[in-house]
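1. Need a 3D model of the following:
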Amino acid sequence: MSTQEQAPKTADAAATAAPSTDGTPVQKAVIDPATGQTIAWVDELGAEAAAVAAARGRAVQPAWEALGFEGRARVMRRAQKWVTDHADELIATIVSETGKAWEDAQAAEVMYAAAAFGHWADHAADLLADERIKVSSPLLKGKKVLTRHAPLGLVGVIAPWNYPFTNGFGDCIPALMAGNSVLLKPAEKTPLTSLLMARVLKECGLPDGVMQVLTGRGSVLGEAIVDVVDMIMFTGSTPVGRRIGARAGERLIPCSLELGGKDPFIVCADADLERAANHALYYSMFNTGQTCISVERVYVEAPAYDEFVAKVAKKAAKLRNDRPTGPGTTEVGALTIESQVATVTEHVDDAVAKGATIVAGGHPDPDRAGWWYPPTVLTNVDHTMECMTEETFGPTLPIMKVADVEEAIRLANDSPYGLMASVFTRDMEKGEQIARRIQAGSVHVNDALIGYTALEAPMGGWKDSGLGARHGAPGIRKYTNSQTLILSKYHLKREPQVYPYTGRGYKLLGRITRLFYGRGARD
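-> Predicted structure coming up:
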């Protein structure tokens, strides 16, 4: 059987051929990270394909916008039904190209997909509805002031490889519901989920050209997409995000960037240590640690440190690190891309060389097929080590002892990143106060990462973790232009501020100014 025949039936790997210099199609292999084997081939498109797709997307966008919110919502609700009816098919596709556990794909991608299609179908109209503005200026009395949200036109989405639906295709849903056409470039390592979902949306009634998936390299196709769209949504590394933001700035188009994270997890001495240990381990190893909002570093107050470490080490030793062949076959799957093996190895080796102790994992099998690193717990760590200061994006959990909460807060904020954080304590008032002092876009008290599922609440980063937000009102309004309308039906025959200037008008405006702004006590 050829590698093409081995491709998952759920993955529509055929795309418009991209001719090479000799006229033959250029294709790129898609690899199963758990085995290192080729499972499909997809076309590697370039700048010319982006320009053609952009023209097509712009041509069909007005008709898509004209369908209105309810017309667009019907397509999304059909897609929601497809996801719930074909969950295993979608999961199998995701697992095949990412190497993650089936349960990880179910919880973080399929459940998100089902929720997102319904959420934006139900709420887009309200979030983007015209809003009557109450104004205070005396010059606007008797006039009607409205704000409205108009689609930008053509939105580009550049997706990461760790969550091919949630952090890729998921960003297309609000953009589509806002009335835009979309060009989606999935990560070159994980294009199959996006190709599948594009096919599904077409089957659910999405007009041709409104949603186009373009496969290819970020350095070629990604840059070309930035140059042809009206707005760019990017999820990925901070260095690449800086380049995309700079190019968007040159073109004066809006961009939304969800970038790196080094998320801290603070354990107070009075915490429920069993819950804290469970959450620290689960949310550091979930998706093999390849999550921008993973638990990447833990700070534990000294009185609770030994007990917490013992609980985590015991739990970590029981984790299975195997090929995901179905539900219940593993907890921690493969790393999705080969370069992450080197990054994780470097961070662990650097920590050990500087005095850290491995209490679980840490010894990968060099002869194992695929891209693997065992779930690893490190102690005796500090901020001289890469594992505590640089984004690892792998199955590691470094745990540091701190003297008190103040030291934990200082170290938690000692990072260029500020995406998500967690605080564990039985004292909820104290937990909230600590959370308010953490420099991050989202902070949990007695939880971690799960806040991402709150589609009603904005989720974005501080500092080098990005610009803008997904979810909530900002998560769809960013795909629109705001327009203010001033409607003058009732007005004076001649207003005092217009030509010709007269002493009478000057005096009248002075009295109006004093009447509206000159009263009231002053300190």
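2. Helices along the stretch 401-523 of the chain, start to end?
-> 405-412, 428-437, 474-477, 503-517 (DSSP state H, counting those that start in this stretch).
3. Would you format the ones you listed as TSV with mean pLDDT included?
-> Listed next are the helices of the stretch 401-523 of the chain as TSV, based on pLDDT from 0 to 100:
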stretch	mean pLDDT
helix 405-412	98
helix 428-437	98
helix 474-477	98
helix 503-517	92
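4. what's the most buried one of those helices?
-> helix 474-477 (a mean of 20; mean count of other CB atoms under 10 Å). Where you see a C-beta, it was placed from the backbone N, CA and C, and this is true even at glycine.
5. Distance from the chain centre to it, please.
-> Distance, stretch centre to chain centre, for helix 474-477: 13 Å (CA atoms, centre = their mean, to the nearest Å).
6. Remind me what it packs against, helices and strands.
-> helix 111-127, helix 170-177 (3 or more CB pairs under 8 Å, 6 or more residues apart in numbering; DSSP states H and E).
7. contacts for that helix?
-> 120, 124, 127-128, 149, 174-175, 177-178, 455, 458-460, 468-469 (CB atoms under 8 Å, 6 or more residues apart in numbering).
8. give me that answer again for 6 Å
-> Applying CB atoms under 6 Å, 6 or more residues apart in numbering, the contact partners of helix 474-477 are 127, 149, 174, 178, 458, 469.
9. Low-confidence stretches in the stretch 1-150 of the chain?
-> Along the stretch 1-150 of the chain, the parts satisfying pLDDT under 70 run over 1-25.
10. Spatially, what comes nearest to Pro374 if we skip its sequence neighbours?
-> Among residues not flanking Pro374 along the chain, Gly361 sits closest, at 3.9 Å (CB to CB, 6 or more residues apart in numbering).
11. mind checking how far the one you found is from Asp208?
-> According to CB to CB, to the nearest Å, Gly361 stands 49 Å off from Asp208.
12. list the contacts for His247?
-> For residue 247 the amino acid is Arg, not His. Val226.
13. Following the chain past the one helix or strand it maps to, name the next helix or strand.
-> When elements are assigned from DSSP states H and E, Arg247 belongs to helix 238-251. Once the chain leaves helix 238-251, the next helix or strand it forms, by DSSP H and E, is strand 255-258.
14. Output the contacting helices and strands for that next one.
-> Contacts defined by 3 or more CB pairs under 6 Å, 6 or more residues apart in numbering; DSSP states H and E place strand 255-258 against strand 231-235, helix 238-251, strand 466-467.
15. highest average neighbour count across those?
-> strand 231-235 (a mean of 26).
16. Identify the residues contacting it?
-> 152, 155-158, 160, 167, 171, 226, 241, 244, 248, 253-258.
17. If you drop the residues flanking it in sequence, what lies closest to Asp464?
-> Pro416 (4.3 Å).
18. Quick check, pLDDT for the one you found.
-> Per-residue pLDDT puts Pro416 at 98.
19. got the contact list for the residue nearest in space to the middle of the chain?
-> By CA atoms, centre = their mean, the chain has its centre lying nearest to Asn167, at 4.6 Å. Asn167 is in contact with 160, 235, counting by CB under 6 Å, 6+ apart.
20. Turn the helices and strands packed on strand 255-258 into TSV, columns for distance to Cys292 and mean pLDDT.
-> Compiled in TSV, the helices and strands packed on strand 255-258 are given as follows (distance: least, CB to CB, whole Å; pLDDT from 0 to 100):
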stretch	distance to Cys292	mean pLDDT
strand 231-235	8	98
helix 238-251	10	97
strand 466-467	9	96
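21. Between these, which one is closest to Thr35.
-> strand 231-235 (26.5 Å; CB to CB).
22. got the angle for that closest one vs helix 170-177?
-> Strand 231-235 and helix 170-177 meet at an angle of 160 degrees, taking axes from the mean of the first three to the mean of the last three CA atoms, to 10 degrees as the criterion.
23. Which strands border strand 231-235, and is each parallel or antiparallel?
-> Partner strands for strand 231-235, per DSSP bridges, with pairing direction: strand 154-158 (parallel), strand 255-258 (parallel).
24. which one of those has the most crowded surroundings?
-> strand 154-158 (a mean of 27).
25. That concludes my questions; thank you for your assistance.
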